[in-house]
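Chemist: Sequence and predicted structure are below.
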Amino acid sequence: MCNLAAENDLEVDPDGMRDDMGATIAAKLQLGDGTDRLNCLTSPVLIEGSADISFIPEITVIDIYNYLQTFSRYDYSTLRCFYKMEGYTMYKDGFVSDIQGVRWDLHKDYVAVKAKVRPRTNEKDPLTKLNYYSSWIIFNTQGTSTLIKSAYCTCKGG
């Protein structure tokens, strides 16, 4: 894989530490067209959540698939095995814990679900030495359909 990156003159960041995570997260929390820096959500990690997630809208695998298709790195061939529902399997196997629902007082059209996810291959993340990753998915509930606004995980894949 590294040879292919070198042949195509791509910048290589094997440990993911060059990414500006602050800017990435800020972009995921931005509302509107991004020109108003004050029009953004507070990170779900910083908001007290509720174990009652009944207010979180139901989503399907198709909703998640459609969200992932908005990124250039995910195409049909990349997602063709998505039906395996690896995330659900990890939940069922006990890797996902502390699931909470989050609401924003000032932005009532948005809700989120956040959770802690234990690394699957190691007891701790090899880079951060944390026992779990923090993850969240934000939903826009305005209108008749629920849309995934953004999602984030502190794991290397983000």
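Modeler: Structure's in. What do you need? Owing to the predicted nature of the structure, the values given are computational and were not obtained by experimental measurement.
Chemist: Tell me which residues touch the residue nearest to Asp98 when sequence neighbours are not counted, please.
Modeler: Excluding the flanking residues, the one nearest Asp98 by Cβ to Cβ, 6 or more residues apart in numbering is Lys116, at 4.5 Å. In this view, the C-beta of every residue, glycine as well, is placed from N, C-alpha and C. Each residue near Lys116 by Cβ atoms under 8 Å, 6 or more residues apart in numbering is listed here: Val96, Ser97, Asp98, Tyr132, Tyr133, Ser134, Ser135.
Chemist: Of the residues you listed, grab the buried ones for ChimeraX.
Modeler: The ChimeraX selection below is limited to those of those classed as buried (16 or more other Cβ atoms under 10 Å):
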select :96,132,133,134,135
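Chemist: Just to be sure, which of the contacts of Lys116 are found in strands?
Modeler: Among the contacts of Lys116, DSSP state E puts Val96, Ser97, Asp98, Tyr133, Ser134, Ser135 in strands.
Chemist: Can you give me the distance of the spatially closest residue to the last one that is not a sequence neighbour to Val96?
Modeler: Right, the one you point to is Ser135. Distances taken as Cβ to Cβ, 6+ apart put Cys153 closest to Ser135, at 4.0 Å, once the chain neighbours are dropped. Distance, Cys153 to Val96, by Cβ to Cβ, to the nearest Å: 11 Å.
Chemist: Give me the common contacts of those two.
Modeler: Counting by Cβ under 8 Å, 6+ apart, the common neighbours of Cys153 and Val96 are Val117.
Chemist: show me the contacts for Pro44.
Modeler: Counting by Cβ under 8 Å, 6+ apart, Pro44 has contacts Val102, Ala112, Lys114, Trp136, Ile138.
Chemist: and those, which two are the farthest apart?
Modeler: Lys114 and Ile138 (9.4 Å; Cβ to Cβ).
Chemist: since we're on the spatially closest residue to Ile148 that is not a sequence neighbour, how many residues are nearby?
Modeler: In this structure, Ile148 finds its nearest non-sequential neighbour in Tyr67, 4.1 Å apart by Cβ to Cβ, 6+ apart. Residues near Tyr67, counting by other Cβ atoms under 10 Å, number 17.
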